[in-house]
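A.B. asks: here you go, sequence then predicted model.
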Amino acid sequence: MRLRNLALPGLFWLFVAYLFLPLLVMAAMGFRDSNFVAFPIHSWTTKWYGEVLLDRDVMEALWLSAKVAVASTVISVAVGLPVAFAVARTSGIARGLLIALILLPAFLPVVVSAISLRIFIGRIGLETGTAAIAFGHAVGSVPFVVIMVLTRLNTMGRNMADAARNLGADDVIILVRIVLPCLSPALLGAFMFCLLLSFEDFVRSFFLGGFEQTFPVLLFARLRFGFDPGLAAISTIVLIATTGFGLYAERFVRKRSLRSETSLTSGAKND
Amino acid sequence: MTFKPTRRTVLTGMGIAGVAGLCAPGLIRPAHAASGELNIWAYDGFITDAFRKRFEDETGIRLNIRTVTDQGEQFNLMAAENGKFSADIVTCAGHRFYQFIDAGFLAPIDRAKLGNWSRIEDEYASASWVSRSGEQWGVPLVVVSTGLLYNTEQIEAPTSWDVMFDEANAGRTAYQIQDFFQIVMNYLGYDGSAATYMNTPDVAQRAVDATRDFLIEHKHMVRRYYEAATEIQQMMVTGDVALAQAGSGPSSQLIIDGFPAGYTIPKEGGLAYAYGFNITKDAANMENAYTFLNALLGDAENGAEIVRSTGLSSTIKGTEALLTDQEKEALALSAEERSRLSWVDVETAPFIFDLIDKAAEEIRAA
Amino acid sequence: MTSLLIHLRRFSVYRGLTDLYARSPLARLLIVSVVPLLWILGTTAAPLAQMVLVSFYESFPVAEGETARWTLANYASFFERPLYLTAFLRSFVFATIVTFLTLLVVFPIAYYIAKVAPRGRRTRLLLLVIAPFWVSEIIRSFAWIVMLANRGAVNSFLSLIGIPGTPVELLYNNISLTIGVIYLTSLYMLLPLYAALEKIDDNVLEAAANLGAPAWRRFLRIVLPLSRDGVVAGCSLVFLLVIGLYAMPQLLGGPGNTLFATTIGQIFAKAGASWPQGSAFSIILTGTALAYVGLFVAIFQRRGRGRT
């Protein structure tokens, strides 16, 4: 019995090791005193990590990527949410077709969709650059938002909304006080996913970008002409920064939800 | 009284610091007092930070540089831009730049405006690969050769491409199919440049087919077909490969870093081509583009800087005198080896590359 | 927030708008669906139409002063030589196997996070598992190269503990490719599985346990059917992702592992008039892959409906 209780956690930590071991090796490579990344590490240096932190191009690219990630995530959720509501109201073949059409951008070969989008923004007169990249990333992310919200909407009963309406709430109040809170796990997941997709994207950023480059575009350009420990160092720093930010945000949200829960229950007691 | 941060003040503080930090790059970016701009797509290392700073300070022209990685990428981007090119200068003059010329993406170089053309080494300035239809289409900047890269601890200095097809080396070789293909055509006794096949397409097809079958027959010996310079360096360094067809740039970078590698042009020959800058058709900043190219060619120091950042040889006269012995050692090919190089012929390239591309797909899929 | 909304109700404009919205179902549908329809038309239908158009062109971009010529040759070239079909079939087999392996690897992980780990730690565990995905795909591929190379981490470790026969060739074959691809796909499997497993009521599992159902039976009869949506969504997502991968197979695969997406990538990477063929092949791949997944989803959902 004890062994069986250990099996799942064991598998989990084995999986974590599988995920992190290559990255730890990568982090160590950032300390290698050579222009190439390989074993063994004969002499160690902190020069790569230092250089990366002072590298203006890297910092500007990271900043642009952060901006684009936030902007495209906001657009994706703002568009994806009503799309999901609209799909939820349809049924039958129309629903199937609609879902297929909405999901398509996520599964078209990304080179093709990026080139099509580049031609498309030329037609509508949008300049290449930050706005175009954010738009392009949103196109790729909306399908994921729709899927996540839709899955959650399907499991949500109409009872609560009906009860609220009977009590005189209008649609906006129902949306804000009932539907959105109920969707919040899905929305949180969608947010994280969109940020991640945008931050990772190379092909769309490449085709839709101007002379300012996002982080993956910069990384690819440098990688093409040599994989030096500096690139390992940047990746490690990005990993640590984003993980730190994630844990901080999680803590923040957890504390807040804990607080609002207690205030809710204490409020109920007072009534 | 001591200041004891509460949770809220810490959170607010971190929030403000975060926002300030994110805004900072926007605030510290200098206002541009430039008398113009120039938009360039360049490979990493072609425009060094030092040159960029000197140029911007001297001319007041601000350089917007976008790092690109290969020709197909630039071609797709330019095709999508549909005639309204965002770049004034691009870097497509490799061995396939005829495709850019034929698609109408480039403007011919006006030699009257390019006073410093004479600063290019004569053997490169007069080579056939920059001209097509009687016009000059690019300014060569660096010269690349393709030869044999080997691990000196595992392989005795080779003089022939034979080693790539020696069973003793099975599982330790790598190459880029398209680049190696012409070399193998020459190795097998055909005409890799296809200059003699121009009027006999069926003979060319037979030569390509025979070469293809030869490579498929030896496919089991190949550890990997690679694409980018990074990959071959990585495979050498991590010991997965001991022999490879490779470019001079990645090879000399390995040698300069102290890795036990050697680079040679075997007796059956190697290929050479140039990378350089081209001006796009109807470029918005045409005058600035010529100012830039004149400045770049004007000083051998610029060439030396590019050599150090890319590991490729420069076309600018007098560059060699500025290099250290170690740098020269890593870059230099003997006169004999140099004579074995054949330059990519722009006029025959469309014809032969079409055949090679198809054959390459078949080798990959076999 | 609510008080603000109640405050807003005092204004007639706002009241008029919400009343209009509430009164007519047609108006409601219009208001709700205008944005989505515009979005779908603009971002999906238009580029798609563009691609379909290009796939019938003889060459693209069309040279200045010329009109486009139409042809079916781009599609025909797929069937002309067996090599495309081989790569195409290889892609489907590979993607199917990898999808199944990813499911096998990720299911216990998702189950552990969603059901077994202490409730308060779940989000943190999820974050821990998601964190590596902030590192670029290409960097992660290179990380695996450094792990598996002849002089890589694994081989160094093996020779350190005195295993004979090192270095073992681990790179550039099906194994290294599969390890790398699962590294990439596990996130896409994990999130839908987690969402589905998290919804399963703990009481149901407890009740089954109290009634004496053994673990495997609980798993087959309760956990698996109730997480079916997640399994179907995760598998579809992963399959479509793997079918479209081209950078990683190029970096971690060997000479014998060419997949169809890599072929398409190479068609687009080569400068010149290759867009029409690339577009045609993309349409063939996307169409077949979507049909394949659609069939899979249809079969499983029907089976699910039949059971409940």
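C.D. replies: Nice, thanks for sending it over.

A.B. asks: helix or strand with the lowest mean pLDDT in chain A?
C.D. replies: Within chain A, judged by mean pLDDT, DSSP states H and E, the helix or strand with the poorest mean is helix A:159-166; its value is a mean of 67.

A.B. asks: which element follows that one toward the C-terminus?
C.D. replies: Tracing the chain past helix A:159-166, the next element assigned as helix or strand by DSSP states H and E is helix A:171-174.

A.B. asks: any weak-confidence spans in chain B?
C.D. replies: Per-residue confidence of chain B (counting by pLDDT under 70) places the weak regions at B:1-35, B:93-95, B:127-129.

A.B. asks: one more pass at 80, please.
C.D. replies: For chain B, applying pLDDT under 80 flags the ranges B:1-35, B:82, B:93-97, B:126-133, B:329-332, B:344-347, B:365-366.

A.B. asks: what of the stretch 1-150 of chain C?
C.D. replies: Low-confidence segments of the stretch 1-150 of chain C (pLDDT under 80): C:1-37, C:39-44, C:46-47, C:50, C:59-68.

A.B. asks: that one: strands as residue ranges?
C.D. replies: For the stretch 1-150 of chain C, no strands turn up when DSSP state E, counting those that start in this stretch is the criterion.

A.B. asks: most proximal residue of it with respect to chain A?
C.D. replies: C:Pro47 (3.1 Å; CB to the nearest CB). Glycine gets a C-beta too; all of them are placed from N, C-alpha and C.

A.B. asks: which residue packs closest to that residue, ignoring adjacent ones?
C.D. replies: Distances taken as CB to CB, 6 or more residues apart in numbering or on different chains put A:Ser116 closest to C:Pro47, at 3.1 Å, once the chain neighbours are dropped.

A.B. asks: what's around that neighbour, how many residues?
C.D. replies: 25 (other CB atoms under 10 Å in any protein chain shown).

A.B. asks: so what's the residue lying closest to B:Ala170 once chain neighbours are set aside up against?
C.D. replies: Sequence neighbours aside, B:Met221 is the residue nearest to B:Ala170 in space, at 4.1 Å (criterion: CB to CB, 6+ apart). By CB atoms under 8 Å, 6 or more residues apart in numbering or on different chains, the contact set of B:Met221 is B:Met164, B:Phe165, B:Glu167, B:Asn169, B:Ala170, B:Gly171, B:Thr173.

A.B. asks: could I get the full set of helices for the stretch 201-350 of chain B?
C.D. replies: With helices called from DSSP state H, counting those that start in this stretch, the stretch 201-350 of chain B shows them at B:201-217, B:229-237, B:248-256, B:286-297, B:300-310, B:325-331, B:335-339, B:349-365.

A.B. asks: need the residues of the stretch 151-271 of chain A near chain B, please.
C.D. replies: A:206-207, A:209-211, A:213, A:217-218, A:220-227, A:252 (CB under 8 Å from any CB of the partner chain).

A.B. asks: which of the residues you listed fall in strands?
C.D. replies: Secondary structure defined by DSSP state E assigns none of these to strands.

A.B. asks: just the buried ones from these?
C.D. replies: Judged by neighbour count, with 16 or more other CB atoms under 10 Å in any protein chain shown as the criterion, the buried members of those are A:206-207, A:209-211, A:213, A:217-218, A:220-227.

A.B. asks: picking up where we left off before, ok, the residue of the stretch 1-150 of chain C closest to chain A to A:Gly122 distance?
C.D. replies: As judged by CB to CB, to the nearest Å, C:Pro47 and A:Gly122 stand 12 Å apart.

A.B. asks: against C:Gln50, how distant is the residue in chain A positioned nearest to chain C?
C.D. replies: Across chain A, no residue is closer to chain C than A:Ser116, which sits at 3.1 Å (CB to the nearest CB). Remark: distance between A:Ser116 and C:Gln50 (CB to CB) = 5 Å.

A.B. asks: got the residues of the stretch 201-308 of chain C near chain A?
C.D. replies: Counting by CB under 8 Å from any CB, the positions of the stretch 201-308 of chain C adjacent to chain A are C:215, C:229, C:233, C:240, C:244, C:261, C:264-265, C:268, C:275, C:278-279, C:282, C:285-286, C:289-290, C:294.

A.B. asks: go again with 10 Å.
C.D. replies: If contact is defined as CB under 10 Å from any CB of the partner chain, the residues of the stretch 201-308 of chain C in contact with chain A are C:215, C:229-230, C:233, C:236-237, C:239-241, C:243-244, C:246-247, C:260-261, C:264-265, C:267-269, C:275, C:278-279, C:281-283, C:285-286, C:289-290, C:293-294, C:297-298.

A.B. asks: mind listing which of those residues are in helices?
C.D. replies: C:215, C:229-230, C:233, C:236-237, C:239-241, C:243-244, C:247, C:260-261, C:264-265, C:267-269, C:275, C:278-279, C:281-283, C:285-286, C:289-290, C:293-294, C:297-298 (DSSP state H).

A.B. asks: out of these, which touch chain B?
C.D. replies: C:Phe260, C:Gly265, C:Ile267, C:Phe268, C:Ala269, C:Trp275, C:Gly278.

A.B. asks: how many other residues sit next to the fifth one?
C.D. replies: The one in question is C:Ala269. Counted with other CB under 10 Å, the neighbours of C:Ala269 add up to 19.

A.B. asks: tell me where chain B has strands.
C.D. replies: Going by DSSP E, chain B shows strands at B:37-42, B:62-67, B:89-90, B:106-107, B:131-132, B:135-136, B:139-151, B:173-175, B:222-225, B:243-247, B:261-264, B:270-280, B:313-314, B:341-343.

A.B. asks: export the ones you listed to TSV and append columns for distance to chain A.
C.D. replies: Rendered in TSV, the data for the strands of chain B read as follows (distance: least, CB to the nearest CB, whole Å):
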stretch	distance to chain A
strand B:37-42	6
strand B:62-67	4
strand B:89-90	12
strand B:106-107	20
strand B:131-132	26
strand B:135-136	27
strand B:139-151	12
strand B:173-175	16
strand B:222-225	15
strand B:243-247	11
strand B:261-264	11
strand B:270-280	12
strand B:313-314	16
strand B:341-343	22
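
A.B. asks: for the stretch 151-271 of chain A, give me the ranges with low pLDDT.
C.D. replies: Residues of the stretch 151-271 of chain A meeting the criterion pLDDT under 80: A:151-186, A:188-189, A:224-226, A:249-250, A:252-271.

A.B. asks: run the last query once more with 50
C.D. replies: A:264-271 (pLDDT under 50).

A.B. asks: check the gap between A:Val110 and A:Phe207 for me.
C.D. replies: Here the criterion is CB to CB. By it, A:Val110 lies 10 Å from A:Phe207.

A.B. asks: try B:Gly60
C.D. replies: Between B:Gly60 and A:Phe207 the distance is 31 Å, computed by CB to CB.

A.B. asks: which bits of the stretch 151-300 of chain B sit near chain A?
C.D. replies: The interface of the stretch 151-300 of chain B toward chain A, taken as CB under 10 Å from any CB, is made up of B:227-231, B:233-234, B:236-239, B:249-250, B:253-254, B:256-259.
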